[in-house]
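A.B. asks: fold the following.
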Amino acid sequence: MKVEPFNKEYFFNQCDPTIKDSLSDEQSREVKRLLKLSMQCTRTKATKVNFDIWFFGIYFVTLYFGKEHRSPLRRFKESSKVEVFVSIMSMIFSSLFTLSIIVAIFLTLYYVKTFAGIDFFEESHLSDIFKME
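C.D. replies: Purely as a prediction, here's the structure:
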């Protein structure tokens, strides 16, 4: 985990070395000053925290800490209400679809096991659990 503020030197070092070497000291100072100005946020001071996920080398989580300046109350327009409804319904349908696929895979594997004559538990079957009387 690294905690680091925004660094102008890092961005300045990303420049092509031939171009960076051709700059005079005054030009380098001016470029760094402009980088510092462009990275400053007048309303917030943010701290960046990176969490590297060690077993997945290409994934990481970045958290930004700072004061919230957005309006605390957000009102939905009528079209936004429809979008929220459609989003919720799509999440419900996709969850149901995923659940039905999982059940179908389980039942398929169960029937393949049954047709192959493999019996994991003696004297116990799925139909014994779900008795329909």
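
A.B. asks: strands paired with the one helix or strand Asn50 maps to, and their directions?
C.D. replies: Using DSSP states H and E, Asn50 maps to strand 47-52. According to DSSP bridges, strand 47-52 has the following sheet partners: strand 2-4 (antiparallel), strand 60-65 (antiparallel).

A.B. asks: between those strands, which gets the lowest average pLDDT?
C.D. replies: Mean pLDDT values for those show the minimum at strand 2-4, a mean of 48.

A.B. asks: please pull out the lowest mean pLDDT helix or strand from the protein.
C.D. replies: strand 2-4 (a mean of 48; mean pLDDT, DSSP states H and E).

A.B. asks: and the next helix or strand past it?
C.D. replies: According to DSSP H and E, the helix or strand after strand 2-4 is helix 8-13.

A.B. asks: buried ones in that following helix?
C.D. replies: Lys8 (16 or more other C-beta atoms under 10 Å). Backbone N, C-alpha and C define where each C-beta goes, glycine included.

A.B. asks: which residues outside the helix or strand that that helix is followed by are in contact with it?
C.D. replies: Once helix 8-13 ends, the next helix or strand along the chain (criterion: DSSP H and E) is helix 17-22. With contact meaning C-beta atoms under 8 Å, 6 or more residues apart in numbering, helix 17-22 is reached by 12-13, 28.

A.B. asks: what's the closest of those residues to Val49?
C.D. replies: Proximity of the contacts of helix 17-22 to Val49 (C-beta to C-beta) peaks at Asn13, which lies at 22.0 Å.

A.B. asks: if we ignore the residues flanking it in sequence, what's nearest the closest one?
C.D. replies: In space, Asn13 comes closest to Lys20 once its chain neighbours are excluded; the distance is 7.8 Å by C-beta to C-beta, 6 or more residues apart in numbering.

A.B. asks: how near is the one you found to Gln27?
C.D. replies: From Lys20 across to Gln27, the span is 10 Å (C-beta to C-beta, to the nearest Å).
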